[in-house]
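> Here is a sequence with its predicted model. Questions after.
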Amino acid sequence: MPIAAARVFQDDAVVGTTNGSGELRTNVPMDIEFHIDVSAPGYVGFGATGSVRSEERWTFYLEPVEP
């Protein structure tokens, strides 16, 4: 299920929020390691670190916070 309005951080800076389809496009540095974090109210945040050499699509799956 897509999550709209999830906040996306790149190296601790907010790069935006996801749209109604749960997507956000951003530019990242080529061949340089960076970190992406995604968080939304009511969900456990998720992050990943990596580097890219070409255009890529990363998908993050957030789990609901258990009551």
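Here it is on my side, so go on.
> CA atoms for contacts and neighbours, from now on please.
OK.
> Between the two ends of stretch 46-65, how far is it?
12 Å (Cα to Cα, to the nearest Å).
> buried residues in it?
Neighbour-count burial for stretch 46-65 flags residue 62 (criterion: 16 or more other Cα atoms under 10 Å).
> cool, and stretch 33-48?
34, 36-40, 43, 45.
> Among the residues you listed, which lie within strands?
With strands taken from DSSP state E, the overlap with those comprises 34, 36-39, 43.
> Would you mind giving these as a markdown table with distance to residue 8 added?
Formatted as a markdown table, those follow (distance: Cα to Cα, whole Å):
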| residue | distance to residue 8 |
| --- | --- |
| 34 | 13 |
| 36 | 7 |
| 37 | 6 |
| 38 | 5 |
| 39 | 7 |
| 43 | 13 |
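> From those residues, pick the one nearest residue 50.
For those, the closest approach to residue 50 (Cα to Cα) belongs to residue 34, at 5.7 Å.
> For the helix or strand where residue 47 lies, which helices and strands make contact with it?
Residue 47 is part of strand 46-50, with elements assigned from DSSP states H and E. For strand 46-50, the helices and strands in contact under the criterion 3 or more Cα pairs under 8 Å, 6 or more residues apart in numbering; DSSP states H and E are strand 34-39.
> who does the strand it packs on pair up with?
Its sheet considered, strand 34-39 pairs with strand 7-10 (antiparallel), strand 46-50 (antiparallel) by DSSP bridges.
> Let's test this: mean pLDDT of stretch 14-27, rounded?
The pLDDT scores in stretch 14-27 average 96.
> Just the CA trace of that stretch, in CSV.
What follows is stretch 14-27, C-alpha atoms only, in CSV (Å, rounded to 0.1, in the frame of the first residue of the first chain):
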residue,chain,number,x,y,z
VAL,A,14,14.8,16.6,3.9
VAL,A,15,14.5,16.2,0.1
GLY,A,16,10.7,16.1,0.1
THR,A,17,7.6,14.0,0.8
THR,A,18,6.0,11.2,-1.2
ASN,A,19,3.1,11.9,-3.5
GLY,A,20,-0.3,10.1,-3.5
SER,A,21,1.3,7.1,-5.2
GLY,A,22,3.9,6.9,-2.4
GLU,A,23,6.7,8.1,-4.8
LEU,A,24,9.4,10.8,-4.6
ARG,A,25,12.1,11.5,-7.2
THR,A,26,15.3,13.1,-6.2
ASN,A,27,18.9,13.4,-7.5
